[in-house]
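K.L.:
just coords:
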Ligand SMILES: Cc1cc2nc3c(=O)[nH]c(=O)nc-3n(C[C@H](O)[C@H](O)[C@H](O)COP(=O)(O)OP(=O)(O)OC[C@H]3O[C@@H](n4cnc5c(N)ncnc54)[C@H](O)[C@@H]3O)c2cc1C
Ligand SMILES: NC(=O)c1ccc[n+]([C@@H]2O[C@H](COP(=O)([O-])OP(=O)(O)OC[C@H]3O[C@@H](n4cnc5c(N)ncnc54)[C@H](O)[C@@H]3O)[C@@H](O)[C@H]2O)c1
């Protein structure tokens, strides 16, 4: 039995694990990394990267249609599929394994589990290591909705994000269950490459954690694109129907599809890790960590497994925080103004809190909404039939922004202006006195700030 002592073991090598491992290795620490599937994690192979790769060419097609003098280019599915395969490294991480070994890491393949503490012990198959620090970065797994008949169907007709992002052929008809980030991105992608898409969303709105107005705008967009959306309902049962599936909704309505795509949320992946046995606290399945991302002295948690805003940028941020703490610092994580983007077209971006949340917190709330083509030059230089909206939520008493949202081209890029303003408590007056480049979407902030009238 192997019994090596290392400075740190990182269990799970998604973006969170990779961030902390990279920093500790660069600082000369002896690090073991444990990965049971592929170094790069869900994000690199079945989530962020393939979805963004798949969404971009159909988006460019629409953009070309809107650009004067251009006609719409044809989408060649086999070419896009081949580029997706290249971008997900053909599900092969041997170069990453070599890269970490070259940096001096001990790379262990297999499922890691905590087997003891004082010192921390981690088992991987037959091997066992002891360590000063263990970082748990095991990500999340999809939540399967309670639909009668679902368990009897196989992955050829019931897709999670994994089957959807590695698809080889575009299904003629797709039923997407869940209408938040995953459902909207995958639903719009499938529709744009030719599927007839139906989205079933349990709540009253798509993307239901965002500003209601934003939900309305993406709903209108889906309608324009011929995507059928059923709100306030659920799929109650599914059954095999020839090569496809017949689904029955709560109200009795039936939807036939070639595939059912599950997009009903994710839960932190802590099963089989032995966390409770070593005294770590779990909240449902999330690893509970303090403001420094510490679960116990020398035991750390980062990324989706902590159940905090499940985004790659948050996993990487927590990875930076934990690396600094392991290297002797005393750094807390501050989740103020984490941007949230759904890479639909136009893009949905939100940061801070909604107007309702602000009122509930007793904030003297004032809001603004700006139609971008009505107020700016940039939308018109960008597109012959432009659309776009920016909304702001401000605290009148303190003269600061507390929320912002946008539905517009490249909103993922320029929402960061609001993110910085909210995070730093930048006075609205200072933002209003800034000089954004002409012609850019950033100019929308000046228009919206004037509308706030603070
Ligand atoms: C379809 C989709 C699209 C998304 N798009 C975006 C996006 O555009 N932007 C964004 O910010 N976020 C996006 N997300 C969210 C993002 O994927 C996650 O927030 C991110 O992957 C979290 O990183 P992580 O390191 O915590 O975990 P993961 O990326 O899940 O990595 C965890 C790793 O741990 C490994 N592991 C698990 N258990 C063990 C064990 N016991 N032993 C060893 N290894 C183990 C897993 O195999 C995996 O490799 C998307 C999610 C989905 C589903
Ligand atoms: N661009 C991005 O940053 C990006 C993209 C995709 C996913 N993600 C992250 O991945 C995680 C998972 O995303 P998600 O969209 O799967 O989850 P989610 O939890 O954000 O949304 C799930 C949606 O499904 C609905 N739902 C749940 N059960 C249902 C049912 N039985 N029938 C119909 N609707 C149902 C919910 O009302 C909710 O709107 C999120 O944390 C998200 O932030 C991020």
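P.N.:
Looks like it arrived, so ask away. Since the model is a prediction, treat every value here as computed from it, not as a measurement. Ligands and ions are numbered 1, 2, ... in the order given.

K.L.:
which strand or helix spans residue 122?
P.N.:
Per DSSP states H and E: residue 122 is located in strand 120-124.

K.L.:
oops, could you answer that again for residue 387 instead?
P.N.:
If you go by DSSP H and E, residue 387 is not part of any helix or strand.

K.L.:
my guess is it contacts residue 380. True?
P.N.:
No - applying Cβ atoms under 8 Å as the test, residue 387 and residue 380 come out as separate, 11.4 Å apart. Any C-beta I mention is one placed from the backbone N, CA and C, and that applies to glycine too.

K.L.:
run through the stretch 1-150 of the chain and note the low-pLDDT ranges.
P.N.:
By pLDDT under 70, the low-scoring segments of the stretch 1-150 of the chain are 1-2.

K.L.:
do stretch 319-326 and ligand 1 come into contact?
P.N.:
No - if you take Cβ under 6 Å from any ligand atom as the test, stretch 319-326 misses ligand 1, and the best it gets is 7.8 Å.

K.L.:
and that stretch, how far out from the chain middle?
P.N.:
On the basis of Cα atoms, centre = their mean, to the nearest Å, stretch 319-326 sits 22 Å off its chain's mean C-alpha point.

K.L.:
hey, what's residue 134 bridged with?
P.N.:
Applying DSSP bridges to residue 134 yields these beta-bridge partners: residue 9, residue 299.

K.L.:
in the stretch 151-300 of the chain, what residue is nearest ligand 1?
P.N.:
Residue nearest to ligand 1 within the stretch 151-300 of the chain: residue 161 (3.8 Å; Cβ to the nearest ligand atom).

K.L.:
which residues touch that residue?
P.N.:
Taking Cβ atoms under 8 Å, 6 or more residues apart in numbering, we find residue 161 in contact with 42, 46, 47, 51, 142, 182, 186, 263.

K.L.:
in a markdown table: those residues, plus secondary structure and distance to ligand 2.
P.N.:
Formatted as a markdown table, those follow (DSSP: H, G, I helix; E, B strand; the rest coil; distance: Cβ to the nearest ligand atom, whole Å):
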| residue | secondary structure | distance to ligand 2 |
| --- | --- | --- |
| 42 | helix | 9 |
| 46 | helix | 11 |
| 47 | coil | 7 |
| 51 | helix | 7 |
| 142 | strand | 7 |
| 182 | helix | 4 |
| 186 | helix | 8 |
| 263 | coil | 5 |
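
K.L.:
and these near ligand 1, which?
P.N.:
Within the set of the contacts of residue 161, contact with ligand 1 (Cβ under 6 Å from any ligand atom) is found for 42, 47, 51, 182.

K.L.:
hang on, the earlier thing: packing partners of the strand holding residue 122?
P.N.:
Where contact means 3 or more Cβ pairs under 8 Å, 6 or more residues apart in numbering; DSSP states H and E, strand 120-124 is packed against strand 3-11, strand 31-35, strand 112-116, strand 127-136.

K.L.:
the single nearest residue of the stretch 201-350 of the chain relative to ligand 1: neighbouring residues, count only.
P.N.:
Using Cβ to the nearest ligand atom, residue 303 is the residue of the stretch 201-350 of the chain that sits closest to ligand 1, at 2.1 Å. Counted by other Cβ atoms under 10 Å, the residues lying close to residue 303 total 36.

K.L.:
what's the overlap in contacts for residue 387 and residue 380?
P.N.:
residue 373.

K.L.:
of the two, which one has the most company?
P.N.:
Shown here are residue 387 and residue 380; by other Cβ under 10 Å, residue 387 has more neighbours (18 against 13).

K.L.:
confidence score at that one?
P.N.:
Looking at residue 387, its pLDDT stands at 96.

K.L.:
contacts only, for it.
P.N.:
By Cβ under 8 Å, 6+ apart, the neighbours of residue 387 are 346, 372, 373, 379, 407, 408.

K.L.:
among these, which ones are in helices?
P.N.:
Among these, the members falling in helices (DSSP state H) are 372, 373, 379.

K.L.:
pretty sure the second one sits against residue 384.
P.N.:
No - with contacts counted by Cβ under 8 Å, residue 373 stays clear of residue 384, the gap being 10.6 Å.

K.L.:
just want to know which of the two has more residues nearby.
P.N.:
Just comparing residue 373 and residue 384: by other Cβ under 10 Å the higher neighbour count belongs to residue 373, 17 against 11.

K.L.:
how much space separates that one from residue 436?
P.N.:
Between residue 373 and residue 436 the computed distance is 17 Å (Cβ to Cβ, to the nearest Å).

K.L.:
TSV for the contacts of residue 161, including neighbour count and distance to residue 103?
P.N.:
As requested, the contacts of residue 161 are exported to TSV (neighbours: other Cβ atoms under 10 Å; distance: Cβ to Cβ, whole Å):
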residue	neighbour count	distance to residue 103
42	26	23
46	22	25
47	24	25
51	21	29
142	17	32
182	24	33
186	27	35
263	27	36
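
K.L.:
tell me the contacts of residue 349?
P.N.:
Applying Cβ under 8 Å, 6+ apart, the residues near residue 349 are 339, 340, 341, 342, 405, 406, 407, 408, 411, 412, 415.

K.L.:
coming back round to it: for the residue of the stretch 201-350 of the chain closest to ligand 1, phi and psi?
P.N.:
phi 80, psi -160 (degrees, to the nearest 10).

K.L.:
hmm, residue 13 and it touching each other?
P.N.:
No - the criterion here is Cβ under 8 Å, and residue 303 misses it with residue 13 at 10.6 Å.

K.L.:
which neighbours do those two share?
P.N.:
Common neighbours of residue 303 and residue 13, using Cβ under 8 Å, 6+ apart, are residue 137.

K.L.:
quick check: closest non-adjacent residue to the residue in the stretch 301-450 of the chain that ligand 2 sits nearest to.
P.N.:
Nearest to ligand 2, among the residues of the stretch 301-450 of the chain, is residue 310, at 3.2 Å (Cβ to the nearest ligand atom). For residue 310, ignoring the flanking residues on the chain, the nearest one in space by Cβ to Cβ, 6 or more residues apart in numbering is residue 304 at 4.6 Å.

K.L.:
the one you found: how many residues sit nearby?
P.N.:
31.

K.L.:
which ones are touching residue 131?
P.N.:
Contacts here follow Cβ under 8 Å, 6+ apart; on that basis residue 131 touches 5, 6, 7, 8, 9, 32, 119, 120, 121, 122, 298.
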